[in-house]
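>>> A structural model of the following input is requested.
(2 chains)
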Amino acid sequence: MTHNIQLNSEGKLKHFLTIEGFDKALLTEILDTAASFVNPVDGQIKKVPLLRGKTIVNLFFENSTRTRTTFELAAKRLSADVLNMNIATSATSKGESLLDTIRNLEAMFVDMFVVRHAMSGAAHFIAQQTAPHISVINAGDGQHAHPTQAMLDMFTIRQHKADFSKLRVAIIGDILHSRVARSEIQALNTLGVAEVRVIAPKTLLPAKVETLGVTVSHNLTEGLQDMDVVMMLRLQKERMISALLPNENEYFKCFGLTEEKLKIAKPDAIVMHPGPINRGVEIDSKVADGKQSVILQQVSNGIAVRMAIMAMAMQHNGAMA
Amino acid sequence: MTHIHIKHGRIIDPANKIDGVGDIYIVDGNIAAISNPPAGFKADTVIDATDKIVCAGFIDLSTRLRDMGHSRKGTFKSETRAAASAGVTTLCLQPDTRPAMDIASIAEYIKDLAEKADYPQIYPIAALTQKLEGIELSSMLSLKQAGCIAVSNANFPIKNLLILRRAMEYAASHDLLFIYRPNDFSLSNKGCAHEGAVATRYGLPSIPEAAETIALAQCLELAGLTGCRVHFGQLSCKRSVIKIHQAKKYGLNVSADVAMHQLHLSENDITPFDSAYHVIPPLRTEADKKYLRQGLANGTINSLCSDHQPHDLDAKLAAFPETESGMSSLETLLPLMLKLVAQRAISLEQGIAALTHQPAQILRLPSGALTVGLSADVCIFDPELTWQINSDTWQSRGVNTPFWGQTMKGRVTHTLQAGRMIFSL
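Numbering: from 1, shown residues only, chains lettered A, B, ... in the order given. Take a look at the predicted model:
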């Protein structure tokens, strides 16, 4: 199965839907481009005129604050015009199909869709159906992929760890329902890390999870050993009512990251979380706010990384002068 | 008196153990003689079947024509034309029409539509429960008298095992065949893909094999308890084949079929998020596919069906989990059967039997064979003729097939239903 839909005829980035199918060189190019937007002295991101005159539509069929905001900031720093569409409360609730929504927006001469949708494959569907000059960036589709989150996490890891090939990374929590986890695993493996380990109870792991290229542990204390990076995932409250977990207390006892448990990982391990965090459910406040936490850096890095992806996709879709 | 002479074809009739070049003579809609003409025969129509194969018309155990209730997807006219062009002369209609096939007048209406579409051999399958809701029994006897050939709850849940038990007992009382597509709805949990590596990779809500095998095991127990004749439709996995094999060994009166596409596609063939591959039960693993093929070859699986489910374009234009499941599959039935033969999974005789004699036995119909005296339901096909699936060759209103654009080998040239030519190429 190939994902060449993401690349143009010259093999350059056109859509950004999933990490799958991209090589290390392209992921590294994204990280390098992102770094070029950040002022090395103060870490600020200057506004650049790369996408002046372009219109980017944030098409969010699911609610989001952080992702939509950083996409919006990224687009504005690239000098693009941004339109935020909160479809969760708009057209589709009036019965309009996904395709009709897309067609209508196309008719308004837009250049890029940033899409979040509750169904796996929605971004692929839009990329296949939309006009050829439009780029599609996946901002999260169902349980499938959240590739910009993965890239900003790779960017954050690279700020702290020099060499991906030596890294052992643990991903802890609801892997089954997590598009973030799938994209992280693909990105980490593409960049050639030594090990990706998923740590979760069986109810929160998908079937044949090892085929994603991970090792598996059901025990946090064992699983954290030798880890350089500890990625926590958000636990949705609805997992309790669907008999996947007994309750939050027991989850925290087994899989919640505390200062004590973090000591099992390498002393210089960094702690990550895609947000929003549930304090006292998957992570203790002392760890979330502690010195090993890079959670807020992840948020900041989201802007530069999304700028890089949007600029690269627009540069290669033929729309740039 | 109408006299039809089918000349010099290779006649393959597994029911009568015939495989050889010869002629068939049809008089007034019935098969009058094989090889030598009956006395006084004077052909009105001669069909030259040189280099072609002549067999009984195909009998499809699971079809949706979409009339009534979903005529955007297909109509009696479009889908019976597709069936005729596929060599199918007898169709069993699943009861999930709208309204459901749960009262006699609906069955009679369907029979009437079939007559008007000039395709009389349509057998409605009656709803097992009222409105297919899985709670109260339908009027099975009235439905049988109105022409329904079996009972089924299509792909809708039956509320609990007590209701299933009683429905099976009641069906058995009226000597009705119960057709069951085993699925535990709580385990399949609104999934859309096989629970395995591919669903995991693409984050698709998944359906474990156990959703099928647990429901199958329960129904087998109830078949023993109630004495109901059960036919299991559209099996999808290895462990189902094993369970059917064991049940038959212990003398249970059960049979099984598999949808043709399950023998040709696995989860590995799915183009990411291409809704043409969205079928229920889902495409499973290569190992399952191989085992289903073996089950067909060794007779554990009795027959093949199309599980034809034509859709309008909109039904398939969305994110994969939101699209409707099902494939338009009548017209690929023959070439895909021949592909199984070419790949040496089954013999040609087995393939033809699985589409003719076997389903006739399951339905207890006096057809599926080229026996003298039987209604002349005949399919003539050219096993070497290649054709491309495109809008010029395709008859069904539903273009939802993953084989679209592909070149197929083997094509029906003539279809006769009770001696009437309902299709010729």
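
>>> rest of the way, CA atoms for contacts and neighbours
Will do.

>>> Show the residue spans covered by the strands in the stretch 101-250 of chain B.
Counting by DSSP state E, counting those that start in this stretch, one finds strands in the stretch 101-250 of chain B at the ranges B:122-127, B:150-152, B:177-180, B:193-194, B:206-207, B:230-232.

>>> Please compute how far the longest one lies from its chain's middle.
In terms of C-alpha atoms, centre = their mean, to the nearest Å, the centre of strand B:122-127 is set 13 Å apart from its chain centre.

>>> What about the nearest residue to B:Ala354 once chain neighbours are set aside, how many residues nearby?
Counting by C-alpha to C-alpha, 6 or more residues apart in numbering or on different chains, B:Ser303 is the residue found nearest to B:Ala354 once chain neighbours are left out, at 4.1 Å. B:Ser303 has 31 neighbouring residues, counting by other C-alpha atoms under 10 Å in any protein chain shown.

>>> my read: B:Ser303 touches B:Asp257, true?
Yes - judged on C-alpha atoms under 8 Å, B:Ser303 makes contact with B:Asp257 at a distance of 4.7 Å.

>>> ok, back up a step: OK, contacts around the residue nearest to B:Ala354?
B:Ala256, B:Asp257, B:Val258, B:Leu296, B:Ala353, B:Ala354, B:Leu355, B:Gln358, B:Pro359 (C-alpha atoms under 8 Å, 6 or more residues apart in numbering or on different chains).

>>> residues from chain A in reach of chain B?
Residues of chain A lying close to chain B by C-alpha under 8 Å from any C-alpha of the partner chain are A:1-2, A:98-99, A:119-125, A:142-145, A:176-177, A:179, A:182, A:206-209, A:211-212.

>>> In ChimeraX, select just the buried ones from the residues you listed.
The following ChimeraX line selects those of those that are buried, judged by 16 or more other C-alpha atoms under 10 Å in any protein chain shown:
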select /A:98,99,119,120,121,122,123,124,125,142,143,144,145,176,177,179,182,206,207,209,212
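
>>> Just put the contacts of B:Ser303 in TSV and tack on neighbour count, secondary structure and distance to B:Ser152.
Below are those laid out as TSV (neighbours: other C-alpha atoms under 10 Å in any protein chain shown; DSSP: H, G, I helix; E, B strand; the rest coil; distance: C-alpha to C-alpha, whole Å):
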residue	neighbour count	secondary structure	distance to B:Ser152
B:Ala256	27	strand	14
B:Asp257	28	strand	14
B:Val258	25	strand	16
B:Leu296	23	helix	23
B:Ala353	25	helix	24
B:Ala354	28	helix	21
B:Leu355	26	helix	20
B:Gln358	27	helix	19
B:Pro359	26	helix	16
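
>>> for the chain, which helix is longest?
In the absence of a named chain, chain A is used. Longest helix in chain A, counting residues (DSSP state H): helix A:295-316.

>>> oops, chain B please
Taking DSSP H as the criterion, chain B has its longest helix at helix B:209-226.

>>> and that helix, what other elements does it pack with?
helix B:161-173, helix B:185-188, helix B:238-249 (3 or more C-alpha pairs under 8 Å, 6 or more residues apart in numbering or on different chains; DSSP states H and E).

>>> Now do the shortest one, average pLDDT.
Averaged over helix B:185-188, pLDDT sits at 97.

>>> ok, it near chain A or not?
No - using C-alpha under 8 Å from any C-alpha, helix B:185-188 stays clear of chain A, coming no nearer than 11.6 Å.

>>> how far out from the middle of the chain is that helix?
24 Å.

>>> Which secondary structure elements does that helix sit against?
Helix B:185-188 packs on strand B:206-207, helix B:209-226, going by 3+ C-alpha pairs under 8 Å, 6+ apart.

>>> Sheet-wise, list the partners of the first one with their directions.
I take that to be strand B:206-207. strand B:193-194 (parallel) (DSSP bridges).

>>> List the contacts of the residue most central in space within chain A.
In chain A, the residue lying closest to the centroid (C-alpha atoms, centre = their mean) is A:Gln149, at 1.9 Å. Residues near A:Gln149 by C-alpha under 8 Å, 6+ apart: A:Val180, A:Ser183, A:Glu184, A:Pro274, A:Gly302.

>>> tell me the mean pLDDT for the helix or strand containing it?
For A:Gln149, the host element (DSSP states H and E) is helix A:147-160. Averaging pLDDT along helix A:147-160 yields 98.

>>> Excluding chain neighbours, what is closest to A:Met312?
A:Leu13 (6.5 Å).

>>> what about that neighbour, distance to B:Ser255?
To B:Ser255, A:Leu13 is 53 Å away according to C-alpha to C-alpha, to the nearest Å.

>>> which one is the one residue in the stretch 101-250 of chain B that gets nearest to chain A nearest to, not counting chain neighbours?
Chain A sits closest to B:Gly203 of the stretch 101-250 of chain B, with a gap of 4.1 Å, by C-alpha to the nearest C-alpha. Closest residue to B:Gly203 apart from its sequence neighbours, by C-alpha to C-alpha, 6+ apart: A:His144 at 4.1 Å.

>>> tell me which residues in the least confident helix or strand in chain A by mean pLDDT are buried?
The weakest-scoring helix or strand in chain A, judged by mean pLDDT, DSSP states H and E, is helix A:238-241 (a mean of 76). Under the neighbour-count criterion of 16+ other C-alpha under 10 Å, helix A:238-241 has A:Arg239 buried.

>>> Count the residues that sit near the residue of the stretch 251-400 of chain B found nearest chain A.
Residue of the stretch 251-400 of chain B nearest chain A, by C-alpha to the nearest C-alpha: B:Ala319 (4.5 Å). B:Ala319 has 24 neighbours, counted by other C-alpha under 10 Å.
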